[in-house]
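Undergrad: sequence unknown, structure follows:
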């Protein structure tokens, strides 16, 4: 099942300070590497690089972050283009979600994903054929 990965899952997988979330995210990504079902967008890669190099404590070295972006680029199915932005703005308006979350949802739909793993949207929420799953439920 094609699974679109949100930025928070990538960040937690590479943040040893994230406790239970770190272990859960590592497991999720490991399963997706094995099944070859992982998917993401340029937005996710951009956000991951920024968070990893600026917000993690300690900050991830830029060279390491670049290497991870290059590795996850294999999963990159969707580029953030003007049409995607317009579609996300419509989804934001119609479904009352934050614009950046709407951009993730639209990208996941464009990628043909059935599942979106994220902690930023309601677990179980449906957007057409896409279901949101929060892998961190219970890891608080």
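TA: Done, it's in. Source: prediction; values computed, not measured.

Undergrad: I'd like to know how far the residue lying closest to residue 56 once chain neighbours are set aside sits from residue 24.
TA: Using C-beta to C-beta, 6 or more residues apart in numbering and skipping residues adjacent in sequence, the residue nearest residue 56 is residue 15, 5.5 Å away. Glycine gets a C-beta too; all of them are placed from N, C-alpha and C. Distance, residue 15 to residue 24, by C-beta to C-beta, to the nearest Å: 12 Å.

Undergrad: swap in residue 5?
TA: Remark: distance between residue 5 and residue 24 (C-beta to C-beta) = 13 Å.

Undergrad: what's the longest helix anywhere in the chain in contact with?
TA: Using DSSP state H to define each element, the chain has its longest helix at helix 20-35. With C-beta atoms under 8 Å, 6 or more residues apart in numbering as the contact definition, helix 20-35 has outside contacts at 3, 5, 9-13, 15-16, 18, 38, 75, 117, 135-136, 139.

Undergrad: Narrow those to just the buried residues.
TA: Among the contacts of helix 20-35, those classed as buried by neighbour count (16 or more other C-beta atoms under 10 Å) are 3, 5, 9-13, 15, 18, 38, 75, 117, 135-136, 139.

Undergrad: Filter those residues down to the ones in helices?
TA: Short answer: the buried ones among the contacts of helix 20-35 in helices (DSSP H) are 9-13.

Undergrad: For the closest residue to residue 73 other than its chain neighbours, give me its contacts.
TA: Nearest residue to residue 73 in three dimensions, chain neighbours excluded: residue 45, at 6.7 Å (C-beta to C-beta, 6+ apart). Counting by C-beta under 8 Å, 6+ apart, residue 45 touches 69, 72-73, 76.
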